[in-house]
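A.B. asks: Quick one: sequence plus predicted model below, questions after.
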Amino acid sequence: MDGEGRSIADDSVPSAAETPTLAHVARLAKVSENTVSRVIRNKGPIAPETRLRVNAAIDALGYVPNRAAGSLASSSSPIIGVILPSLSNIVFPEVLRGINAGLIGTSYRPMIGVTDYSLETEQDIISSLLAWHPAAIITTGFEHTTAARRMLEGSRVRIAELMDIDDRPIDLAVGLSHREAGRAMARHLVQRGYSRIGYVGHDWTADRRARLRYEGLCEGLSETGLSLVAEYRTEAPSSTLEGRRALASLLADGAAIDAAAFSNDDMAVGGFMHCMAAGMPVPDGLALMGFNGLEIGQVLPKPLTTVLSNRFAIGKTAIEALLETPQRPQEARIIDTGFSIIEGATA
């Protein structure tokens, strides 16, 4: 026995100064190192009792797998790179929830980067993620810097571009047609009898999808012989405060509208607050319609009429499609998760 009360021959237990290794786990579980590796990576057939013994050894030793080392030994690691524009905008955490749900029961884990809507930041994150040899990278939208696109196309790892299907993907696109969603907004308002429709929007520089919805809205109105009566677009990112300010500015300019289509629910909720403050009844004085189907819009005194984007389904569907095959297919694939109208009570 040594001074710590363990057998010197018992080399399955690391000393207090040692970091537990794969070899320690293998010796304690009485299996090969290759078997331990396969249990950790959830690869190949493993007898249930063997899996239990290995996991018990891992727990007993406090062993943490070295993911970086594993990536050097194989073509890819268990990492799924997830690049989101924002975590403060509730839309993207809901997508992330879907991604996480799709990963439950697999050996893959997300590594998350946030761009704050900067394509240059996205490029840096892509470069860093690819150094880890990820199994896949998930991005938002089709817009990338030229260098970032080259890296994504040349990496040959699975790539999913989420939220939008109005362009050609590198590998996989999962989302909805924002142009069609804009057309659906126009049809809904016209079918409800509104003909003097205005638009209230936020900055398009970082939000290509909002512009696509605007273009679809205009196209949908044109199909019925109508056009926007007035429009106001703030240069700031979307927020309830900007929505309130923007609708106030539109109406202060003398816009004679009976309905306002907003770029998203944040802006529309702000518009609702302006109507409340101004004593303008909704929808009798002014109808309001948003996009996204956020919970905040549905807890207003009058639930917001809006377009529901299936954000959780987008994330979950993307992961499931990526994990169907580790190899990038020759033909790009588009999965339309669709949208629906929440009729609400504001339009």
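C.D. replies: The structure has been received and is ready for your questions. Keep in mind that what you see is a predicted model, and the values were worked out from it rather than measured.

A.B. asks: CA atoms for contacts and neighbours, from now on please.
C.D. replies: OK.

A.B. asks: dump the residue contacts of Arg192.
C.D. replies: Ala347 (CA atoms under 8 Å, 6 or more residues apart in numbering).

A.B. asks: That one and Glu242, how far apart?
C.D. replies: Taking CA to CA, to the nearest Å as the criterion, Arg192 is separated from Glu242 by 27 Å.

A.B. asks: Also Ile104?
C.D. replies: Ile104 is 38 Å from Glu242, where distance means CA to CA.

A.B. asks: The two: which is more packed in?
C.D. replies: The neighbour count for Ile104 versus Glu242, taken as other CA atoms under 10 Å, is higher for Glu242 (24 against 10).

A.B. asks: For that one, which residues are in contact?
C.D. replies: By CA under 8 Å, 6+ apart, Glu242 lies in contact with 202, 234, 236, 267, 270.

A.B. asks: Against Leu241, how distant is the fourth one?
C.D. replies: Spelled out, that is Met267. 8 Å.

A.B. asks: more crowded one of the two?
C.D. replies: Taking neighbours as other CA under 10 Å, Met267 and Leu241 compare with Met267 leading, 29 against 16.

A.B. asks: That one: what's its closest spatial neighbour, skipping adjacent residues?
C.D. replies: Gly243 (3.8 Å; CA to CA, 6 or more residues apart in numbering).

A.B. asks: Surely the one you found is in a helix?
C.D. replies: Yes: residue state for Gly243 (DSSP: H, G, I helix; E, B strand; the rest coil) corresponds to a helix.

A.B. asks: Please give me every residue in contact with it.
C.D. replies: Gly243 makes contact with 200-201, 266-271, according to CA under 8 Å, 6+ apart.

A.B. asks: again, but for Met280
C.D. replies: Contacts of Met280 (CA under 8 Å, 6+ apart): Leu286.

A.B. asks: what do you get for Ile138?
C.D. replies: Applying CA under 8 Å, 6+ apart to Ile138 gives the contacts 80-83, 159-162.

A.B. asks: quick one: what helix or strand has it in it?
C.D. replies: Here Ile138 sits within strand 136-140, counting by DSSP states H and E.

A.B. asks: same question, Met163
C.D. replies: Here Met163 is assigned to strand 158-164, by DSSP H and E.

A.B. asks: other SSEs contacting that strand?
C.D. replies: For strand 158-164, the helices and strands in contact under the criterion 3 or more CA pairs under 8 Å, 6 or more residues apart in numbering; DSSP states H and E are strand 136-140, strand 172-176, helix 311-323.

A.B. asks: and after the longest one, which helix or strand comes next?
C.D. replies: The one in question is helix 311-323. Tracing the chain C-terminally past helix 311-323 and defining elements by DSSP H and E, one meets strand 333-336 next.

A.B. asks: quick check, distance from the next helix or strand after that following strand to the centre of its chain.
C.D. replies: Using DSSP H and E, the helix or strand that follows strand 333-336 in sequence is strand 339-342. On the basis of CA atoms, centre = their mean, to the nearest Å, strand 339-342 sits 19 Å off its chain's mean C-alpha point.

A.B. asks: Now do strand 339-342: everything it contacts.
C.D. replies: Taking CA under 8 Å, 6+ apart as the rule, strand 339-342 contacts 176, 181, 293, 304-310.

A.B. asks: Count the neighbours of Ala321 for me.
C.D. replies: 17.

A.B. asks: Could you give the separation of whichever strand or helix holds Glu219 from the chain centroid?
C.D. replies: In this assignment (DSSP H and E), Glu219 forms part of helix 208-222. Helix 208-222 has its C-alpha centroid displaced from the chain centroid by 22 Å (CA atoms, centre = their mean).

A.B. asks: average model confidence for it?
C.D. replies: For helix 208-222, mean pLDDT rounds to 96.

A.B. asks: now for it, which elements pack on it?
C.D. replies: helix 178-191.

A.B. asks: any idea which helix or strand comes after the helix it packs on?
C.D. replies: Later in the chain than helix 178-191, the nearest helix or strand by DSSP H and E is strand 197-201.

A.B. asks: Export only the CA atoms of that next one, formatted as PDB.
C.D. replies: Output of strand 197-201 as PDB, limited to C-alpha atoms (Å, rounded to 0.1, in the frame of the first residue of the first chain):
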ATOM      1  CA  ILE A 197     -52.500  49.800 -45.700                       C
ATOM      2  CA  GLY A 198     -49.200  51.300 -44.300                       C
ATOM      3  CA  TYR A 199     -45.900  49.700 -43.400                       C
ATOM      4  CA  VAL A 200     -43.800  50.200 -40.300                       C
ATOM      5  CA  GLY A 201     -40.400  48.600 -40.300                       C
END
